[in-house]
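**Q** From the sequence below, what's the structure:
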Amino acid sequence: MSDEPNLGPNQATWERDALTRLAGAALLEQRRSRRWSIFFRLAFLGYLIVLGVLLVPKDLSGGGTGPHTAVVRLEGVITSSGDA
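**A** Next up is the predicted model:
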């Protein structure tokens, strides 16, 4: 004798359908989680880039960042023998 009753083809498919829906839901949740994690990583990277741009000094030449010592007005041609 068999312990399992004879089930028709339609009666036995509910188990397979339930398992398929469960696996599909798990895959969908993993996909959503992965997308949100990528979004937050890119948002954090964008935040760091904006913060870096704002904190880097505008003048990257290295000179002229301190106060001026003097302002000299020059008129005419500059020569070694003449007055400036």
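**Q** Where does pLDDT dip in this protein?
**A** Across the chain, residues meeting the criterion (pLDDT under 70) sit at 1-12, 59-66, 82-84.
**Q** So which residue is dead centre in it?
**A** Leu42 (1.8 Å; Cα atoms, centre = their mean).
**Q** tell me which element it is part of?
**A** Element membership of Leu42, judged by DSSP states H and E, is helix 9-55.
**Q** That helix packs against which elements?
**A** Packed against helix 9-55, as judged by 3 or more Cβ pairs under 8 Å, 6 or more residues apart in numbering; DSSP states H and E, are no other helices or strands. C-beta coordinates here come from the backbone N, C-alpha and C atoms, glycine included.
**Q** what's the offset of stretch 29-49 from the middle of its chain?
**A** Centre-to-centre, stretch 29-49 and its host chain are 7 Å apart (Cα atoms, centre = their mean, to the nearest Å).
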